[in-house]
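# Pasted the sequence and its predicted model underneath.
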Amino acid sequence: MKNKTELNMFFATAVVSLGTLLSCAQKSSPSTKNMDTTTNTTTSAVLTTGKTDTATFANGCFWCTEAIFEQLDGVISAESGYTGGQIENPTYKEVCSGETGHAECLQIVYDPAKISFDELLEVFWETHDPTTLNRQGADVGTQYRSGIFYHNEEQKQKAEKYKIELDKSGAFDRRIVTEITAFTKFYPAENYHQQYFENNENSNPYCKIVIRPKIDKFRKVFKDKLKKE
């Protein structure tokens, strides 16, 4: 964890995504109910390393955030989905209505021998605006709220400590409104949401206008943490 001076220096050179030109809540393919409601890791992820951990973050449109976190060395998978709501197996349409209470999120399976939860938190704070309530740029609604859904007491303590230190450091002009709450269930988003940027960069203007610039800036700031090409 950085001290106050180090935090200010780090944030001076980092990119915080404060706005978008387009909304990610666009017309999409017909959705179906999700079948697997408790997926935390995949078989391939478990076989890849001897030990894995899971982090669940909500920081805006998962089309953008998935494309960022999956590039980090040590991240085995970054799956788009929904968490923090009241109903089971929500669809994208239901979540976008704002009536289910779910947030668009990423379920991140990672190798703690290669990347730590602290490092994932750094990327989380740096790549979205945690001071806007229920909003990220043009995306407005409770489904776009900033949130950390901790899986154990250690994650809770680190998230809360980081949030307090960032507020004290004055890293942001406004106070952080990020929700820090216990993880309950993760519902994978429909298949067409997975690897959305990779599959749609040349067909959806949102990818080129909004997601690509975010990725380019992220890669410059976190170049030492990226997977080798």
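Received, thanks.

# This structure: strands as residue ranges?
Using DSSP state E, the strands assigned to the chain run over residues 53-59, 75-83, 103-110, 135-136, 139-140, 146-150, 179-182, 186-188.

# Quick check, Ile167 in contact with Asp173.
Just to correct that, residue 167 is Asp rather than Ile. No. Counting by Cβ atoms under 8 Å, Asp167 does not reach Asp173; the two are 11.2 Å apart. Where C-beta positions appear, they are placed from N, C-alpha and C, glycine not excepted.

# more neighbours, the two?
Taking other Cβ atoms under 10 Å, Asp167 and Asp173 do not tie; Asp167 has more neighbours (15 against 6).

# List the residue ranges of this structure that fall below the pLDDT cut-off.
1-23, 25-49 (pLDDT under 70).

# Who are the packing partners of the longest helix along it?
What stands out as the longest helix in the chain, according to DSSP state H, is helix 153-169. Judged by 3 or more Cβ pairs under 8 Å, 6 or more residues apart in numbering; DSSP states H and E, the packing partners of helix 153-169 are helix 4-12, helix 117-126, strand 146-150, strand 179-182.

# For the third one, which strands pair with it and how are they oriented?
This points to strand 146-150. Strand pairing for strand 146-150, using DSSP bridges, gives strand 53-59 (antiparallel), strand 179-182 (parallel).

# any chance of those in TSV, plus mean neighbour count and distance to Ala103?
Formatted as TSV, the strands paired with strand 146-150 follow (neighbours: other Cβ atoms under 10 Å; distance: least, Cβ to Cβ, whole Å):
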stretch	mean neighbour count	distance to Ala103
strand 53-59	24	4
strand 179-182	15	8
